[in-house]
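*Asks:* when you get a sec, could you give me coordinates for this:
(chains A and B)
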Amino acid sequence: MSNSNGLKSFFIEIGELTLFAKRFFKEVFTKPFEFKELIRQCYAIGNRSILLVGVTGFIIGLVITLQTRPTLEEFGAESWMPSMVSLSIIREIGPVIIALTFAGRIASGIGAELGSMRVTEQIDAMEVSGTNPFKFLVVTRIVAATFMLPLLVLFGDAIALFGSYIIENIKGEVSFMLYFNKVFHVLDFSDLIPATIKTFFFGFAIALVGCFKGYNCEKGTVGVGAAANSAVVFSSMLLFIIDFIAVFVTDIFFDL
Amino acid sequence: MNTGQNNSKAIENIETKSVMLEIKDLRKSFGDNAVLNGFNLKLYEGENLVIMGKSGSGKSVMIKCLVGLLQADSGSIKIMDQEINTLNQKDLNILRTEIGFLFQGSALYDSMTVRENLEFPLRRHKTRFKDASNMDELVTEALESVGLLHTVDLMPAELSGGMKRRIALARTLILKPKIILYDEPTSGLDPITSKEIIALMRSIQKQYKTSSLIITHDVDCARVVSERIVLLVDGVNYVEGTYSELSTSTDAQVKAFFK
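*Replies:* Model prediction:
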């Protein structure tokens, strides 16, 4: 009985999230546009995540190279390292891990911020002053995250490759030029473009879920915590679903 | 007894003025819990009307229905002759600029300075407040009217509870509303700050000539500001009169409030 109730509430939530997304698409193209707030959110979301993304990317590069190198050495194939690491980082590991890190920081942040604005009646105050709080708070955050995450992923990928080069340089005495020549030799636009396109969807999904949870927050401060928590869980789950669909579609068009 | 006659005369005088807000047979339920059961009200021009009632009697639900934050199940709400249930979102937002709302918890925007809090509604109604110098003047005027001009660049977190309430009042005033709705204006404040807020409400009413609907269970607040009091019990108007009429009532429900 409780399982069926849980399933029912899950599908109700999916339905409400879909309506929330529909409202976003309706409001994003109608005036007035909140450009100033959008720029502020782009700065806040991008700037708030850049250090975290940089550190995460660097560690991804180090760890993948360190873990993979012994196996390739066994086959005498360590010269494949730059190609293998760059493909796995650019195509999959970079976007997914950086998006997960981003979800942890941004979805919870948005969920908690909007949630506390809801329970302290700040959103109601905007509404009674004749302002559209959805446009000011939700639309700006979703648009900002949608455009900031791809930039952060590109930055994180570059840092990850640099981390990988450092290990290669220490262990295999590979020069910077040689390492990145090999990286750019193997990388193709068909690797970079689909991987970058999917990060727009990741950014959109993360902010959408964060805003949805925060904007509809109830039950006081307990609700704020729950909104922040469930925003991270829900958006992380959504990331994997989007990733699966993206890889599936890419396979059809680019024949992976 | 004379006082009662004088008060009744005062109410008669008020009733000759134009109606700013009229509620007829307002009903609102949450599931099986009927909160408003046919509530009726008239607020006249320049009047200070206090609504009193126990917690859970439907006061806050009623005031939220007035500004469209909650949708009533049935009944009519007319604000300055406009039926709010039939207005589209754009017209409702225009009407909302004529109504100020002071929230119980002040509801200042945490991420903005006091100046940005006050400018926020102005920037979104640019057609009424075109140039920036006018905006600065309006911010200064609103802050001066609550005596907190020096806080203009502070963040809400740097203000005391009483200061927040006064800044929220300044933000309410900045659009020059014709009606101000106060939701528990003195709750959570110490007695001295409560008195300051009450005095401020009176001076604002005189300065801006607004009509005020005040929801409170603070008897001192009701005594000082009210011209008329409506007691809300179980979602309906239980009794209506002046402070002196209700405070001398022999009805047990009414006496419970004015002990």
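
*Asks:* ok, for residue A:110, nearest residue in space, not its chain neighbours?
*Replies:* In space, and not counting its chain neighbours, residue A:110 is closest to residue A:210: 3.3 Å by C-beta to C-beta, 6 or more residues apart in numbering or on different chains. For glycine as for every other residue, the C-beta is placed from the backbone atoms N, C-alpha and C.

*Asks:* quick one: contacts of stretch B:80-97?
*Replies:* A:127-132, B:20-21, B:66-68, B:71-72, B:76-79, B:98, B:121, B:125, B:128, B:175, B:177-179 (C-beta atoms under 8 Å, 6 or more residues apart in numbering or on different chains).

*Asks:* ramachandran coordinates for residue B:183?
*Replies:* phi -100, psi 100 (degrees, to the nearest 10).

*Asks:* is it bridged to anything, and to what?
*Replies:* residue B:215 (DSSP bridges).

*Asks:* let me see the contact set for residue A:162.
*Replies:* Taking C-beta under 8 Å, 6+ apart, one finds A:58, A:61 in contact with residue A:162.

*Asks:* quick check: which element contains it?
*Replies:* Residue A:162 is part of helix A:140-172 when elements are defined by DSSP states H and E.

*Asks:* after that helix, next one along is what?
*Replies:* helix A:176-186.

*Asks:* which helices and strands sit right next to that following helix?
*Replies:* helix A:81-88, helix A:140-172 (3 or more C-beta pairs under 8 Å, 6 or more residues apart in numbering or on different chains; DSSP states H and E).

*Asks:* spell out which parts of chain A neighbour chain B.
*Replies:* A:32, A:113, A:116-117, A:120-122, A:124-132 (C-beta under 8 Å from any C-beta of the partner chain).

*Asks:* so how do I select the buried members of those residues in ChimeraX?
*Replies:* The following ChimeraX command selects only the buried members of those, with burial defined by 16 or more other C-beta atoms under 10 Å in any protein chain shown:
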select /A:113,116,117,120,121,122,124,125,126,127,128,129,130,131,132
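
*Asks:* so which of the residues of chain A next to chain B belong to helices?
*Replies:* A:113, A:116-117, A:122, A:124-128 (DSSP state H).

*Asks:* could you dump those into a markdown table and include pLDDT and distance to residue A:59?
*Replies:* Putting those into a markdown table (pLDDT from 0 to 100; distance: C-beta to C-beta, whole Å) gives the following:
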| residue | pLDDT | distance to residue A:59 |
| --- | --- | --- |
| A:113 | 93 | 28 |
| A:116 | 93 | 32 |
| A:117 | 93 | 34 |
| A:122 | 93 | 38 |
| A:124 | 92 | 43 |
| A:125 | 93 | 43 |
| A:126 | 92 | 40 |
| A:127 | 91 | 44 |
| A:128 | 90 | 48 |
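
*Asks:* name the residue closest to the centre of the chain, please.
*Replies:* Using chain A. What sits nearest the mean C-alpha location of chain A, by C-alpha atoms, centre = their mean, is residue A:99, with 2.8 Å.

*Asks:* could you do chain B instead?
*Replies:* Geometric middle of chain B (C-alpha atoms, centre = their mean) lands on residue B:181, at 1.8 Å.

*Asks:* look up how far residue B:109 lies from that one.
*Replies:* 19 Å (C-beta to C-beta, to the nearest Å).

*Asks:* check residue A:194 too.
*Replies:* 40 Å.

*Asks:* about what we covered before: what residues are up against the residue nearest to the centre of chain B?
*Replies:* B:63, B:66-67, B:99-102, B:212-213, B:215.

*Asks:* please apply the same query to residue B:180.
*Replies:* Applying C-beta under 8 Å, 6+ apart, the residues near residue B:180 are B:99-102, B:172-173, B:204, B:210-213.

*Asks:* list just the nearest of those residues to residue A:60.
*Replies:* Distances from residue A:60 to the contacts of residue B:180, taken as C-beta to C-beta, are shortest for residue B:101 (50.0 Å).

*Asks:* pretty sure that closest one sits in a helix.
*Replies:* No: with DSSP: H, G, I helix; E, B strand; the rest coil as the criterion, residue B:101 is located in strand rather than a helix.

*Asks:* ok and the residue in the stretch 151-256 of chain A nearest chain B?
*Replies:* Going by C-beta to the nearest C-beta, chain B is nearest to residue A:220 of the stretch 151-256 of chain A, at 11.5 Å.

*Asks:* quick one: residues contacting that residue.
*Replies:* residue A:119.

*Asks:* picking up where we left off before, between the helix holding residue A:162 and helix A:176-186, how many degrees?
*Replies:* 120 degrees (axes from the mean of the first three to the mean of the last three C-alpha atoms, to 10 degrees).

*Asks:* any idea of the mean pLDDT in helix A:140-172?
*Replies:* For helix A:140-172, mean pLDDT is 94.

*Asks:* give me the buried positions along that helix.
*Replies:* A:140-168, A:172.

*Asks:* and the angle from that helix to helix A:81-88?
*Replies:* 160 degrees.

*Asks:* so is residue B:76 in a helix, a strand, or just coil?
*Replies:* strand.

*Asks:* now do the contacts for it.
*Replies:* Per C-beta under 8 Å, 6+ apart, neighbours of residue B:76: B:22-26, B:83, B:85.

*Asks:* could I have the ChimeraX command that selects the buried members from those residues?
*Replies:* Burial among the contacts of residue B:76 is assessed by 16+ other C-beta under 10 Å; the matching ChimeraX selection reads:
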select /B:22,23,26
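
*Asks:* report the rounded mean pLDDT for the longest helix seen in chain B.
*Replies:* If you go by DSSP H, chain B has its longest helix at helix B:191-208. The average pLDDT for helix B:191-208 rounds to 86.

*Asks:* how about residue 154, what does it touch?
*Replies:* Using chain A here. residue A:196.

*Asks:* sorry, I should have been clearer: chain B.
*Replies:* Neighbours of residue B:154 in contact, by C-beta under 8 Å, 6+ apart: B:113-114.

*Asks:* next one: it from residue B:188, what distance?
*Replies:* In terms of C-beta to C-beta, residue B:154 sits 20 Å off from residue B:188.

*Asks:* contacts for the longest helix of chain B, please.
*Replies:* B:46, B:48, B:145-147, B:160-162, B:165-166, B:169, B:173, B:176, B:180, B:182, B:185-186, B:189, B:210, B:212, B:214, B:218, B:220-221, B:224-225.

*Asks:* now the buried members of these.
*Replies:* Among the contacts of helix B:191-208, those buried by neighbour count (16+ other C-beta under 10 Å) are B:46, B:48, B:145-146, B:162, B:165-166, B:169, B:173, B:180, B:182, B:185-186, B:189, B:210, B:212, B:214, B:218, B:221, B:224-225.

*Asks:* out of those, which are inside helices?
*Replies:* B:145, B:162, B:165-166, B:169, B:173, B:221, B:224-225.

*Asks:* that older thread, helix, strand, or coil at the residue nearest to residue A:110?
*Replies:* Under three-state DSSP, residue A:210 comes out as helix.

*Asks:* correct me if wrong: it contacts residue A:108.
*Replies:* Yes: using C-beta atoms under 8 Å, residue A:210 is in contact with residue A:108, at 7.3 Å.

*Asks:* looking at residue A:253 now. What's its pLDDT?
*Replies:* For residue A:253, the predicted pLDDT is 79.

*Asks:* and it, how many residues sit next to it?
*Replies:* Applying other C-beta atoms under 10 Å in any protein chain shown, we find 9 residues neighbouring residue A:253.

*Asks:* and it, what helix or strand is that in?
*Replies:* Per DSSP H and E: helix A:220-254 holds residue A:253.

*Asks:* buried ones in that helix, by neighbour count?
*Replies:* Applying 16+ other C-beta under 10 Å to helix A:220-254 flags A:223-228, A:230-232, A:234-236, A:238-239, A:242-243, A:246, A:250 as buried.
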